[in-house]
Structure formats: C-alpha cells, structure tokens
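Peer 1: what's the 3D shape of this:
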Amino acid sequence: MKTINNEADAILRRAAWRLVPLILAMYVAAFLNRVNVGFAALTMNQDLGFSPEVFGWGTGIFFLGYLVFEVPSNLIMERVGARIWLARIMITWAMVSMAFAFVQGPLMFFFLRFMLGLAEAGFYPGILLYFTYWFPASTRARILAIFCMGIPVSNIIGSPLSGWLMGMEGYAFKGWQWMYLLEGVPTIALGFLALWGLPDNPRKAKFLTEAEKDIVMARLAAEPKGDVHGFGAMLKDWRVWALIIPDFTIVFGIYALGFWMPQMVHAMGYSIKQTSYILIIPYTASLAVLWIIGLSSDRTGKRALHFVISALVAVAGFGLAAIGAGNDVLVIAGFCLASGGVYSGLATFWSVPPLFLGGSAAAGAFALINSVGNLSGFVGPGLMGWLLQTTGSYTIGMMMCTGVALVAALSMAVLARSCRAPAA
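Peer 2: Numbers count the residues shown, from 1 in each chain. A predicted model of the protein is given here:
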C-alpha cells in the first residue's frame, strides 16, 4: 500500500505542476479584477464625486451578488464539469470588469459591482471542490497555500501595473478607465485557456496514461470519507453554519486591506507610483507566512490550530498598524503581519470542512460558507469608509480589524474539537 501511495503521490506532483500554475494565474486575474477598484479609487472617486462612504459600500455590493449565485454556481459545476464552468465564470466576469471603464455615477457603480459578484460567484469554492477531485487531504493544505498566494501575487503584480496604467491618458479615457479595460484582457484569455488545459478530474486528464489514472483514482478512493454526505444533511449540520464565523472574520481583514490599503499608504503622503511599490512589501512578506504555515499544517495535520495561529498573527499586525499611526515603518510592518495572517488563515481554513464533509455536502458547504462569509467583504469596506468619514482617520478602522481577527481565532479554537475527521 505504501508503495502504491508513493507512486500515486509522484504522479500527483507532476499533475500539480501542470494544473496549479494555471489555476494560480486564474485566481491572480480574479482577485486583481475584484480589488483593482482600490487603486482606481485614487482618482476615480474625485472624478465621479464619490465620498468614502459611497465608495466603501459600493465596493461591498459585489458580495451581495456573490451571495445570490454562489451555491447554485457550485452545484452547476458539479453537474457540467469544472472545465466549462470555470471558463464561463472567467470570461463573463472579465467582460463586466471592463465595463467599469464606462461608469458615470454611484448607481451604475453599484449595479456593476453587483453584476461582478454574480459573474464571479462559484469560482473560489469551485476551485476548492476541484482540488478535492485531484489531491488527497495529506497534501491539500500546501496546494491551498499555493492557490491562496494568488491574492498577494495579484497585488505584487497588480500594484505597479495599476500604478502605471493609472498614469495613462488618451482617447478620452482617464487612467483608471484604461486600467479597467486592459486588466480585463488577460482574464478573458485565461478563460479560453482553461477550456483547453483544465481537465475535470484525473480520469479525463489527457496527460496521464490509463495506468496512471487508475493509480491516482485508487489513491483518492482510499481517502477517509467525511461523515456527512448529501446537500440536505449538510444544511442540517450545525458545524457548517458555525464555520461561517471564522471564515467571515478572517475574510473581513482580507478585504479591509485589499480595498483600503492603497488609500491608507497614499494618505501617508506618497505619490500613486510610490504607493504602488510600497504595497509590494506587505504582499511579498505574506507569501513567506503563507508557505510556512501551510507546510506546517500538512506536516502536523493540525488544521484548526494553524488557523488560530494565522488569525493571531493578523491580530498583531492590525494592532501594530493601529498604534503605529504616524510612524510609516510601524504601519507597513503591521500591514506585513496582517497580510500574512489573513491570507494564511484563509488557506488553512479551507482544509477544515473536508475533515467531516464529503460529496455534494462538501460542494454545497464550500459554496454556502464562502458566500455568507464573503459578506464581510460588504460589511468591512463599508464600515472602514464610514469610520474614515466619521473620524477622519484610519486608526479606528484598524482597531476594528484587530478585534474582528481576534474573534476569528477564538471561534476556531472553540470549534476545533468538533471539526475532526472521523476515526479510520
């Protein structure tokens, strides 16, 4: 058995090198199209007369659209296959994202953010479900860590790219309009690439021989099965609903940073170009934290514990950014810790539900938890904008994020004992 598992793992490592770079590129494009509004705001808000509160709630409306179609989208993917459905998602959201170049006022901005959420719904939980088709639980945290690197990588690439595009003017378009148009083009290309290079499962992979397919499928069939199966059983399981709390609270920090960090750095007195390069620092630091915690999670198998550690790193980071206001070095150091904490927390979180869920229960739970948890992307940016408009400072917002990250750590610590794999 050990020899067969080793052989299967060798085949899956080769498959990972084939699949994960494409999926990572898809997620980089997804997140870039989702949060490039934070860079656009540096000039778009003034051009269109948006207040901080209008911008904050407008960005968050994305997640209402996301909520509406998230669960149906994941269930459709399970029926039609990942290749076709993920390609559809990417192409439609790219078209909506490019339409932001033609925004004229708040209502159109709100409408397009809602439509962007509808278009992208199902992508993230769809990828999570796709990984369960390919990779055993023993390696999934590392795969998820690489996947979640798409968030900081999208910002490492997107920050200087967006800063450069924001400086473009011509053909009656402002820089932020060019940014929306040109950043949507690679997403469309990746959508068509997914149709060619993303097999639905190992059995349909043309790059594997029939013998290799049999070995991999046997390896996956030998995985411990979750004790909850079926969509109805999933809805009745209290643990699924309880896990929304740590997901909601860790994602809260991701979008507070994603939508507002460019403006917070810009407010320190840096130019748009300088801001774009400074933002590379926390996102690069977060890659190291992501990989270290993901690797440790796979080696020890203690998924919930590593989520708690990640959340506490975020607590330290947001707290440092709050108390360090006025000291640029302390604030950027806080952003480094906060970014690493929230991104590694997101990666380790999604290794917890498959411990007790299987089949359509896992498909439905991924979508349900992600869609409701992502409502923090509506609440967080909106509250950040309201607090900024009310207090004239980002400090209270960072203190709020500190408290929310602490709730993430405490909630998972309470749930850890109940969210375990069934005994073999």
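
Peer 1: give me the element F378 is part of.
Peer 2: helix 376-391 (DSSP states H and E).

Peer 1: and that helix, what does it pack against?
Peer 2: helix 52-60, helix 62-80, helix 244-266, helix 395-415 (3 or more CB pairs under 8 Å, 6 or more residues apart in numbering; DSSP states H and E). All C-beta spots, glycine's among them, are computed from the backbone N, C-alpha and C.

Peer 1: roughly how far is that helix from the heart of the chain?
Peer 2: Relative to the centre of its chain, helix 376-391 is centred 20 Å away, using CA atoms, centre = their mean, to the nearest Å.

Peer 1: list the buried residues in that helix.
Peer 2: Within helix 376-391, the residues that count as buried by 16 or more other CB atoms under 10 Å are 376-385, 387-388.

Peer 1: same check on stretch 56-74?
Peer 2: Those would be 56-67, 69-71, 73-74, for stretch 56-74 by 16+ other CB under 10 Å.

Peer 1: quick check: mean pLDDT of that stretch?
Peer 2: The average pLDDT for stretch 56-74 rounds to 80.

Peer 1: the lowest-mean-pLDDT helix or strand in the chain: what's the following helix or strand?
Peer 2: Every helix and strand of the chain was ranked by mean pLDDT, DSSP states H and E. The lowest is strand 228-229, at a mean of 61. Following strand 228-229 in sequence order, the next helix or strand is helix 231-236 (DSSP H and E).

Peer 1: other SSEs contacting that next one?
Peer 2: helix 359-373.

Peer 1: cutoff 10 Å now
Peer 2: Helices and strands touching helix 231-236, by 3 or more CB pairs under 10 Å, 6 or more residues apart in numbering; DSSP states H and E, are helix 238-242, strand 357-358, helix 359-373.

Peer 1: and the ones you listed, which one averages the lowest pLDDT?
Peer 2: strand 357-358 (a mean of 71).

Peer 1: wouldn't A413 be in contact with C419 here?
Peer 2: No. Here A413 lies out of contact with C419, judged by CB atoms under 10 Å, at a distance of 11.2 Å.

Peer 1: which one's more surrounded, these two?
Peer 2: Neighbour totals were compared for A413 and C419, and C419 leads with 19 against 16 (other CB atoms under 10 Å).

Peer 1: helix, strand, or coil at the more buried one?
Peer 2: Secondary structure assignment for C419 (DSSP: H, G, I helix; E, B strand; the rest coil): coil.

Peer 1: wouldn't A322 be in contact with F335 here?
Peer 2: No. Contact between A322 and F335 fails when scored by CB under 10 Å: they sit 11.3 Å apart.

Peer 1: would you mind measuring from the nearest residue to M98 once chain neighbours are set aside to L32?
Peer 2: Counting by CB to CB, 6 or more residues apart in numbering, M98 lies nearest to G184, which is 3.8 Å off, once chain neighbours are set aside. From G184 across to L32, the span is 9 Å (CB to CB, to the nearest Å).

Peer 1: so what sits against both of those two?
Peer 2: Residues touching both G184 and L32 (CB atoms under 10 Å, 6 or more residues apart in numbering) are S97.

Peer 1: that older thread, the residue nearest to M98: neighbour count?
Peer 2: 23.

Peer 1: what sits against it?
Peer 2: Contacts of G184 by CB under 10 Å, 6+ apart are 29, 32-33, 36, 93-101.

Peer 1: so which of these belong to helices?
Peer 2: 29, 32-33, 93-99 (DSSP state H).

Peer 1: want to try TSV for the residues you listed, with neighbour count as columns?
Peer 2: As requested, the ones in helices among the contacts of G184 are exported to TSV (neighbours: other CB atoms under 10 Å):
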residue	neighbour count
A29	27
L32	25
N33	26
W93	26
A94	25
M95	16
V96	20
S97	27
M98	19
A99	17
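
Peer 1: just those now: which is nearest I281?
Peer 2: Taking CB to CB as the measure, L32 is the one of the ones in helices among the contacts of G184 closest to I281, at 18.2 Å.

Peer 1: any idea how far L128 is from the closest one?
Peer 2: Counting by CB to CB, the gap from L32 to L128 is 20 Å.

Peer 1: what do you get for M26?
Peer 2: 13 Å.

Peer 1: which neighbours do the two have in common?
Peer 2: F147.

Peer 1: ok so, going back, spit out the residues that contact A413 and C419 alike.
Peer 2: 246, 304.

Peer 1: ok, A322 and F335, which is more surrounded?
Peer 2: F335 (27 against 20).

Peer 1: my guess is that one meets I281, correct?
Peer 2: Yes. Contact between F335 and I281 holds when scored by CB under 10 Å: they sit 7.7 Å apart.

Peer 1: and stretch 169-178, what's buried?
Peer 2: Buried residues in stretch 169-178 (16+ other CB under 10 Å): 174-178.

Peer 1: A25 reaches I146, doesn't it?
Peer 2: No. The criterion here is CB under 10 Å, and A25 misses it with I146 at 11.7 Å.

Peer 1: between those two, which contacts overlap?
Peer 2: Contacts common to A25 and I146, judged by CB under 10 Å, 6+ apart, are V153.

Peer 1: report how many residues lie close to M115.
Peer 2: For M115, using other CB under 10 Å, the count is 19.

Peer 1: what sits closest to it if chain neighbours are left out?
Peer 2: V96 (5.1 Å).

Peer 1: again, but for W178
Peer 2: M168 (4.4 Å).

Peer 1: pLDDT weak spots in the stretch 201-350 of the chain?
Peer 2: Within the stretch 201-350 of the chain, the ranges that satisfy pLDDT under 70 run 223-230.

Peer 1: go through the strand or helix carrying the residue nearest to M98 and flag the buried ones.
Peer 2: Counting by DSSP H and E, the element that carries G184 is helix 175-197. Within helix 175-197, the residues scored as buried using 16+ other CB under 10 Å are 175-181, 183-184, 186-188, 190-191, 193-194, 197.

Peer 1: can you dump the C-alpha coordinates of the helix or strand following it into CSV?
Peer 2: Counting by DSSP H and E, the next helix or strand C-terminal to helix 175-197 is helix 210-221. The C-alpha atoms that make up helix 210-221 are tabulated as CSV, following Å, rounded to 0.1, in the frame of the first residue of the first chain:
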residue,chain,number,x,y,z
GLU,A,210,-4.6,4.9,-18.3
ALA,A,211,-2.4,3.1,-15.7
GLU,A,212,-1.6,6.4,-14.0
LYS,A,213,-5.3,7.3,-13.9
ASP,A,214,-6.1,4.0,-12.2
ILE,A,215,-3.4,4.6,-9.6
VAL,A,216,-4.5,8.1,-8.8
MET,A,217,-8.2,7.2,-8.6
ALA,A,218,-7.4,4.3,-6.3
ARG,A,219,-5.3,6.7,-4.1
LEU,A,220,-8.2,9.1,-3.9
ALA,A,221,-10.8,6.4,-3.3
